[in-house]
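[1] turn this into a model:
(6 chains)
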Protein chains: 6
Amino acid sequence: MIRVDGRKTDQLRDITIVRGWQEHAEGSALISAGLTRVLCAASVTEGVPRWRKGSGLGWVTAEYSMLPRATHTRNDRESVRGRIGGRTHEISRLIGRSLRAAIDLKALGENTIAIDCDVLLADGGTRTAAITGAYVALADACRWLGRPSAIVTSVCAVSVGIVKGVPMLDLAYAEDSTADTDMNVVCTGAGGFVEVQGTAEGTPFDRAALDELLDLATAGCTRLTEIQNVALAQPAPAGPPRPERALPGAKSAGSR
Amino acid sequence: MIRVDGRKTDQLRDITIVRGWQEHAEGSALISAGLTRVLCAASVTEGVPRWRKGSGLGWVTAEYSMLPRATHTRNDRESVRGRIGGRTHEISRLIGRSLRAAIDLKALGENTIAIDCDVLLADGGTRTAAITGAYVALADACRWLGRPSAIVTSVCAVSVGIVKGVPMLDLAYAEDSTADTDMNVVCTGAGGFVEVQGTAEGTPFDRAALDELLDLATAGCTRLTEIQNVALAQPAPAGPPRPERALPGAKSAGSR
Amino acid sequence: MIRVDGRKTDQLRDITIVRGWQEHAEGSALISAGLTRVLCAASVTEGVPRWRKGSGLGWVTAEYSMLPRATHTRNDRESVRGRIGGRTHEISRLIGRSLRAAIDLKALGENTIAIDCDVLLADGGTRTAAITGAYVALADACRWLGRPSAIVTSVCAVSVGIVKGVPMLDLAYAEDSTADTDMNVVCTGAGGFVEVQGTAEGTPFDRAALDELLDLATAGCTRLTEIQNVALAQPAPAGPPRPERALPGAKSAGSR
Amino acid sequence: MIRVDGRKTDQLRDITIVRGWQEHAEGSALISAGLTRVLCAASVTEGVPRWRKGSGLGWVTAEYSMLPRATHTRNDRESVRGRIGGRTHEISRLIGRSLRAAIDLKALGENTIAIDCDVLLADGGTRTAAITGAYVALADACRWLGRPSAIVTSVCAVSVGIVKGVPMLDLAYAEDSTADTDMNVVCTGAGGFVEVQGTAEGTPFDRAALDELLDLATAGCTRLTEIQNVALAQPAPAGPPRPERALPGAKSAGSR
Amino acid sequence: MIRVDGRKTDQLRDITIVRGWQEHAEGSALISAGLTRVLCAASVTEGVPRWRKGSGLGWVTAEYSMLPRATHTRNDRESVRGRIGGRTHEISRLIGRSLRAAIDLKALGENTIAIDCDVLLADGGTRTAAITGAYVALADACRWLGRPSAIVTSVCAVSVGIVKGVPMLDLAYAEDSTADTDMNVVCTGAGGFVEVQGTAEGTPFDRAALDELLDLATAGCTRLTEIQNVALAQPAPAGPPRPERALPGAKSAGSR
Amino acid sequence: MIRVDGRKTDQLRDITIVRGWQEHAEGSALISAGLTRVLCAASVTEGVPRWRKGSGLGWVTAEYSMLPRATHTRNDRESVRGRIGGRTHEISRLIGRSLRAAIDLKALGENTIAIDCDVLLADGGTRTAAITGAYVALADACRWLGRPSAIVTSVCAVSVGIVKGVPMLDLAYAEDSTADTDMNVVCTGAGGFVEVQGTAEGTPFDRAALDELLDLATAGCTRLTEIQNVALAQPAPAGPPRPERALPGAKSAGSR
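    You can find the predicted model right below:
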């Protein structure tokens, strides 16, 4: 079966990752997956939230948002409405949990990394693209901080779904909006599952369908991990100047 | 292995469902699962949200909340904080999606059923207990409305997780808070999956663990379906008086 | 004159008080007055608000809320609307003032007791039932804290009103909504007035009517005090485990 | 006994009422009671809230607020805090109920009058001064509307309290803040009670004290009614231009 | 050309400034400019915001608001809407910046002066009247604080605009609402510009028009400075009692 | 004098404008001015706000926002804080007013164009870059709509300021943050002023300085107009598909 955009059912869209796109951030990446475009920034601040002080552990948090005209029709800004919507909350929490799986919070020391994922253009799979791109920004932020070993595994994500009875990898918006079942899967570079979220939009799905989708997702994540690794093998972008005083626990300002 | 409360790993907590607990509601159920206690109410209103008018389809929506002292320490009210938290949003959306899987929205006609799930006492598994209880309230509301055929399947939910390496069914709070992986599974009475949401809290989980958890959850849902059926086989509670004018599309006020 | 539900004009509805209904709270009571059902929880926390620190005095505060479907038609949640309504504010303040009249804040020490009154089912008189039930939860919380002497008097409340020209005690919703004048009266166990709030809904009332209503309310509060005393004469519910370290000022952990 | 400001216990502060102070409003009054100064405006709009349409009845609503520096120390604006406080809500509701007692909503026709009471300077008794002044603004608004008969009675209010054991009329801030019991009483010009709100700040009060306070308040309201009548006997301020098209139900544009 | 209210094009409206109108404030002024009436209060508090602590510098901030019925038709309160509107924000910021130009923050010491400008009646030019009046309140507050030298210059403001092709000074509402271009100009007593904000409402304006407007504004501000000086040459109002302990940096409590 | 980045005092930063960057929008432009990067989108919707219906006039509105990590240190999201800040409000209003100067609202017909300006990277001059870029997006949206004649003039903007005594064009952040005076000037393509907003940050400025700044700004805007014209002379990006039914008032769907 050939899909609307000519892909095979087990084929990812074209993925590109540009590191350092937001020059002021300690780590950043602009990820494109077809017409989906997400800007991910990792901001390092010294110290941790109050409830965590003195624990010796760091913290990683995430916020997801969409520009009003990322989508086919304009959405009101959540800042103007005065409240964060349920979908935004849910995705922000998913991204945060997923990235914390990549990190050894002890090795991070009492530093906080805030990840911002802003969707500039949306064509399905924005949350999974956000996770995949955010990992790259996070890795650069850890390097900037002189703590590359805080990264214990890479993390990436992909969507899968059953469209008109056919299981497919990496759904575009036109596919996603007509899918019977869709699932988002977050994996480590080693292939372990961090999150599995499957939803029957129409008829319930059975164990066999679930298994097929997991196979597709696992293969897709293997490919995404390679793409992340290629991107991170390039020389690191300059990033902002490092503070003169070393952040707590950093071995040496020159260790980067 | 025996669990803290003496259960076997594949054993549900004691479940009780009291129908009609909130006398003014068109359908209601107080569900207890061990020390977890959730009051579920289904409110019928004629008409549908504006974006749905003229479609001939009904709508089902859900809101989840927790009393401030449902938990071991008191939580501030979201009404006082002035905003709904991410967790509340996420669970409300999950309940709504799950219950819509039980309903033929066309057979419901242009009526709206709002489900409220208020946790009176919390000891783990509040979202899954909410779904299981809300289905009973929903079924009664459809009967009250004279549209029992709008229910196309029953829906129930249960949590499973891996605690100290052991897969377990229906986690209590003490288990849930130390689980490596936890998963919420929503099934239809026929055993189809409506939602599968698995999260690695610590180390990622592999395919084998996922399979074990799905087996446990499927068996648990089979048992919950029986409990729901027993509860619904009792005579229906009186419910509030029906409006004199039939709601749109109801065959006959006496068909209940 | 016989009332809709067969009561005499000076007769309370059936009142039941179940202590310890919310197992995690330091004090709790589920009070029913006819079809009105309010869950009251008293939460103890060590310390007082900042403006009170170092004063040696404790603090008691209260919040009132109603489940969306406690009423005949569903009300939107205040958490969803993003703000507390005027009625909720007003009643929360009334409950807080009333309960502080029961307490010697010096004997309480620098501890805070937060009272939550959540209306699970509403049929008139929810604010007065909340006060009557909350006193029981408060008394149990003071015992739990090892400071029973912080309670200097009991407090209870009842509504009275003039319905079709007839003064009546403890109005049900059907009566309250057609009353010309309604009044809420909060008394101590010794018969002193803590609050008197009378409102003419239609024609103004005169001094003679006011006197009749106060007589009815005083007699009703005498009866409610007896019911509270009977409930509190039962053995105390277990309550949550006490902290190992004594809270400040407690004579002895075993004094309860 | 002579009070701090030299008044006798049954003596009002100096009261002045300036009509038409806010030139754009259909009715307005600046009322001073000693150092308490409240600007009251009555705004007429054609039509009623949706839930009232077609009833033939009008509506009267009220909002109370305080300028940040009306008080001895500055209070944050509620607009900046983003929410109305409980005290503001409670007083706004009291003013609205009190003024509706003055009005025949049928004679008002389907028009809405919004009363704004803004405290410019505060020295105790702001809510009662607001009611007394707002009545004058309301009466002028009804005249402006060509519906003077919508006013069925005048309404005024005064505070009373027990300070150091002595019952007193019209408490200034220094008295109010040390009172054991304080009570706000709203009366019609004919002496009927519209609202009676008594609160024991310290020890509970008994029936005899309540009776003494009611006697003081009733006498005070008789005097306030005279002051209102004197003010309203002056020629009416010009008010804004009347709309060319008569508002619904107005007999004649020239009848004012 | 004669204007609607008979003024010449370069003529201010009647300006009056009453100092000490809000008796509790450290400085206050009620300014009238024709039918525009703004109450300005300056509140002194010891200390500065956190970000400024230890700098030795003081802080001046401002908030602008309008009573609901200051205008021809009633506006909803921003406190009720739950958010500050853009216009309010913009004007508050303008007033704050303008007044900070009058102050030597070092000579003020670590004290904060909060300026509240509340429009009681509006007929155009409310923001410029607010600045002109607020300066007087600020000057009195500095005197009260024993730091008159913190005032380094006076500040006043006026509006100018082009109405039907004619440049005019100090626009009333009827003029402002039909102006092609309107401009607000804030000047020091010495004639320097603090703010120049010109906006083309209809057709763009050219350099010649801009020059004419600046000439008018400069002359108007010269006149306003004289009016401010006359007002401040009167004996200072009493103001609230000064704290016994001198505020930090005050030379002497008697130096005022 | 040579500036930090080597520019002359009257030299713009490198400006690039990429049209159609946000593929779903009816008009969009990514504008860069040095390290300042703003994504501008113009969204067309049929119809106008309620207060404008039936007038035959269209409407143009604008919203400005900044990504959290556009700046050197991360700023909290306004959506998370739950309110729009004063600066955001002020800039959104400025952009809206400026763009409405470019449009013949009658020729636009009863259509609304919402402009979103999101700052992806900030290095000073974000509001002026937003206006310059937004005009390009607006022009494309009018073409897409088949109403190119709704554009009556181009509009662009630039900042100028006095840094260490030297008047300069197009300030970068490092210059802006140390400027004594800074001014934003919005001009039409024909050189008319739409907005002039000058602020003395430190010492007031005099007429001569104002004149110098206006000269610089006028020359800068002439250059920006050329850059806009070059960009718009390229073939238009495809834009989203046009609705089959012509929007109201469009001459012909093919007229674009």
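[2] where do the strands of the stretch 51-200 of chain A begin and end?
    Counting by DSSP state E, counting those that start in this stretch, the stretch 51-200 of chain A has these strands, from start to end: A:59-66, A:111-121, A:155-163, A:166-169, A:179-188, A:193-200.
[3] for A:Thr45, helix, strand, or coil?
    Classification of A:Thr45 into helix, strand or coil gives strand, according to DSSP: H, G, I helix; E, B strand; the rest coil.
[4] kindly state the beta-bridge partners for the residue lying closest to it once chain neighbours are set aside.
    Leaving aside its chain neighbours, A:Thr45 sits nearest to A:Thr112 (5.0 Å; criterion: C-beta to C-beta, 6 or more residues apart in numbering or on different chains). Every residue, glycine included, has its C-beta placed from N, CA and C. The residues paired with A:Thr112 through beta bridges, assigned by DSSP bridges, are A:Thr45, A:Trp59.
[5] for A:Thr112, give me its contacts.
    For A:Thr112, the contact set (C-beta atoms under 8 Å, 6 or more residues apart in numbering or on different chains) comprises A:Val44, A:Thr45, A:Glu46, A:Gly47, A:Val48, A:Pro49, A:Gly58, A:Trp59, A:Val60, A:Thr61.
[6] bridged to A:Val119, which residues?
    Here A:Val119 sits in beta bridges with A:Val38, A:Met66, going by DSSP bridges.
[7] check contacts around it.
    Listed by C-beta under 8 Å, 6+ apart, the contact set of A:Val119 reads A:Thr36, A:Arg37, A:Val38, A:Tyr64, A:Ser65, A:Met66, A:Leu67, A:Ala70, A:Thr126, A:Ala130.
[8] which of the strands of the stretch 51-200 of chain A sits most buried?
    With neighbours taken as mean count of other C-beta atoms under 10 Å in any protein chain shown, the strands of the stretch 51-200 of chain A reach their highest mean count in strand A:155-163, at a mean of 27.
[9] quick one: mean pLDDT for that one?
    Rounded to a whole number, the mean pLDDT of strand A:155-163 is 97.
[10] chain center to the lowest-mean-pLDDT helix or strand in chain A, what's the gap?
    The helix or strand of chain A with the lowest confidence, counting by mean pLDDT, DSSP states H and E, is helix A:78-81 at a mean of 92. Taking C-alpha atoms, centre = their mean, to the nearest Å, the mean C-alpha location of helix A:78-81 is offset from the chain mean by 24 Å.
[11] do it and chain B meet at all?
    No. On the criterion C-beta under 8 Å from any C-beta of the partner chain, helix A:78-81 is out of touch with chain B, staying 11.2 Å away.
[12] same deal with stretch A:222-234?
    No. Shown here: stretch A:222-234 not in contact with chain B (C-beta under 8 Å from any C-beta), separated by at least 13.1 Å.
[13] which residues are contacting that stretch?
    Under the criterion C-beta under 8 Å, 6+ apart, residues A:12, A:15, A:17, A:19, A:29, A:132, A:135-136, A:139-140, A:154, A:156-158, A:187, A:189, A:191 lie in contact with stretch A:222-234.
[14] what number of residues lie near the closest residue to A:Arg77 other than its chain neighbours?
    Nearest in space to A:Arg77, with sequence neighbours left out and distances taken as C-beta to C-beta, 6+ apart, is A:Pro68 at 5.6 Å. One way to gauge burial is a neighbour count; for A:Pro68, by other C-beta atoms under 10 Å in any protein chain shown, it gives 21.
[15] same check on A:Thr132?
    With neighbours defined by other C-beta under 10 Å, the count for A:Thr132 comes to 29.
[16] hmm, it is touching A:Ile31, no?
    Yes. The criterion here is C-beta atoms under 8 Å, and A:Thr132 meets it with A:Ile31 at 6.1 Å.
[17] confirm A:Leu214 sits in a strand?
    No. A:Leu214: not assigned to a strand; according to three-state DSSP it is helix.
[18] for it, give its distance to B:Gly220.
    In this structure, A:Leu214 and B:Gly220 are separated by 21 Å, where distance is defined by C-beta to C-beta, to the nearest Å.
[19] ok, these two, which is more surrounded?
    Neighbours around A:Leu214 and B:Gly220, counted as other C-beta under 10 Å, are more numerous at B:Gly220. The numbers are 23 against 20.
[20] nearest spatial neighbour of that one, chain-adjacent residues omitted?
    Nearest residue to B:Gly220 in three dimensions, chain neighbours excluded: B:Val158, at 4.1 Å (C-beta to C-beta, 6+ apart).
[21] ok, that neighbour - contacts?
    Contacts were defined as C-beta under 8 Å, 6+ apart; by that measure B:Val158 touches B:Leu12, B:Gly125, B:Thr128, B:Thr132, B:Leu169, B:Asp170, B:Asn184, B:Val185, B:Ala217, B:Gly220, B:Cys221, B:Leu224.
[22] bridged to it, which residues?
    Here B:Val158 sits in beta bridges with B:Val185, as judged by DSSP bridges.
[23] before we move on, back to that, the least confident helix or strand of chain A: which residues count as buried?
    Within helix A:78-81, the residues scored as buried using 16 or more other C-beta atoms under 10 Å in any protein chain shown are A:Glu78, A:Ser79, A:Val80.
[24] if you count contacts, what does it end up packed against?
    In this structure, helix A:78-81 packs against helix F:78-81, with contacts taken as 3 or more C-beta pairs under 8 Å, 6 or more residues apart in numbering or on different chains; DSSP states H and E.
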